[in-house]
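Engineer: Need the 3D shape of this:
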Amino acid sequence: MSLTAAATAPMSQTALLVELEPVVADNLNRHLGLAKEWFPHEYVPWSDGRTFDGLLGGEAWSPEDSKLSDVARTALIVNLLTEDNLPSYHHEIATRFGRDGAWGTWVHRWTAEEGRHGIAIRDYLTVTRAVDPVELERARMVHMSTGYSNVHSYEVLHSLAYVSFQELATRISHRNTGKATGDPLCERLLARVAADENLHMMFYRNLLAASFELAPSQAMRAVADVVADFQMPGAGIEGFTRKSVAIAMAGIYDLRQHHDEVLSPVLRQWDIWNVTGLDADGEAAREQLAAQMSQLDTAAARFEARREERRARQR
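Structural biologist: Numbers count the residues shown, from 1 in each chain. Okay, here's the model as predicted:
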């Protein structure tokens, strides 16, 4: 079956993996040509570091050590704990996509690139004494002990739809967190991390674009299902709801950004509203998606109004 011929019956997960393999290979080569080598240690002000208390008898961490605002610190911790769960993410995609051929090469390359993010952010936070290292380690242990599982991980197209949105959402979260810190070095570091996330988003987005040619109705269903119950990968972090509200109130990542800067541009890239060859379920999924986007837009407007009212009261 060619990528230009829409299937008349649902394709199996194995068939989808096989048919998409050449697209994976092409986009892997594209990615390797665009990706830039970088080194986490170059983004950390090592000379600012001081020994902590404990075995080496240094100074205990104090809130006065941190130059960050409370919300910037919260966002950085959420971003780091999200990156920390990389072993679970690797398990998810390696199980779904496999470890052989172009798929396997991509899985390992993606994991290697993502691994730099947690290293760099943790080193920055520790050296600058931006967070309590004891509390951070305890939070890491709790979060990683919980692990991560995506409800759609068993489906190839659902997995591709999810990571297409999630990588872009993570990119925006990192960039805005960097700006919120007020520290040019941290902003530079998170911009570098965000650049990786953007390339990852493009890889997955291109694969799902090819899937719309290969199995349009299945791809449409996957997108509609993922948009309907999308959650960030850090949703399992202890206290995530409270933390995410604080992050949204600060404008680092909120419903408006999710609708306008994540979902809408990706859907536009897929030309979602003009996809042809849909069966009854594909058309129903598109209608569901349109309704969901409208509801999100309304919810985003309400949130913005409430946030402005709260800011006005504070002023």
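
Engineer: for stretch 298-310, which positions count as buried?
Structural biologist: Across stretch 298-310, burial judged by 16 or more other C-beta atoms under 10 Å covers 300, 303, 307. (Each C-beta comes from the backbone N, C-alpha and C, glycine too.)

Engineer: What confidence value was assigned to the second one?
Structural biologist: Here, the pLDDT recorded for Phe303 equals 96.

Engineer: Ignoring the adjacent residues along the chain, who's closest to it?
Structural biologist: Leaving aside its chain neighbours, Phe303 sits nearest to Leu255 (5.0 Å; criterion: C-beta to C-beta, 6 or more residues apart in numbering).

Engineer: show me the contacts for the one you found.
Structural biologist: Contacts for Leu255 (C-beta atoms under 8 Å, 6 or more residues apart in numbering) come out as 248, 296, 299-300, 303.

Engineer: repeat for Leu278
Structural biologist: Neighbours of Leu278 in contact, by C-beta under 8 Å, 6+ apart: 216-217, 220, 285-286.

Engineer: Then Glu155?
Structural biologist: By C-beta under 8 Å, 6+ apart, Glu155 lies in contact with 13, 222.

Engineer: what's the answer for Ser159, then?
Structural biologist: 92-93, 96-97, 150, 152-153.

Engineer: Which of the helices or strands spans it?
Structural biologist: Taking DSSP states H and E as the criterion, Ser159 maps to helix 156-181.

Engineer: and that helix, what's its mean pLDDT?
Structural biologist: On average, the pLDDT along helix 156-181 is 97.

Engineer: Relative to the whole chain's centre, how far out is whatever helix or strand comes next after it?
Structural biologist: Using DSSP H and E, the helix or strand that follows helix 156-181 towards the C-terminus is helix 184-214. Remark: helix 184-214 is offset 9 Å from the chain centroid, using C-alpha atoms, centre = their mean, to the nearest Å.

Engineer: Check which helices and strands helix 184-214 sits against.
Structural biologist: helix 13-34, helix 101-127, helix 156-181, helix 216-228, helix 264-269 (3 or more C-beta pairs under 8 Å, 6 or more residues apart in numbering; DSSP states H and E).

Engineer: for that helix, what is the average pLDDT?
Structural biologist: The average of the pLDDT scores along helix 184-214 is 98.

Engineer: relative to helix 156-181, how tilted is that helix?
Structural biologist: 160 degrees (axes from the mean of the first three to the mean of the last three C-alpha atoms, to 10 degrees).

Engineer: coming back round to it: out of the contacts of Ser159, which is nearest to Asn206?
Structural biologist: Comparing the contacts of Ser159 against Asn206 with C-beta to C-beta places Phe97 closest, at 14.7 Å.

Engineer: Could you list which residues are in contact with that closest one?
Structural biologist: Residues in contact with Phe97 (C-beta under 8 Å, 6+ apart) are 17, 103-104, 106-107, 156, 159.

Engineer: Drop anything exposed from the residues you listed.
Structural biologist: Buried by 16+ other C-beta under 10 Å: 17, 103, 106-107, 156, 159, out of the contacts of Phe97.

Engineer: which one among those residues gets closest to Glu83?
Structural biologist: Using C-beta to C-beta, Val107 comes nearest to Glu83 of the buried ones among the contacts of Phe97, at 16.9 Å.

Engineer: Backbone dihedrals for Phe52, please?
Structural biologist: Phi and psi for Phe52, reported as degrees, to the nearest 10, are phi -80, psi 170.
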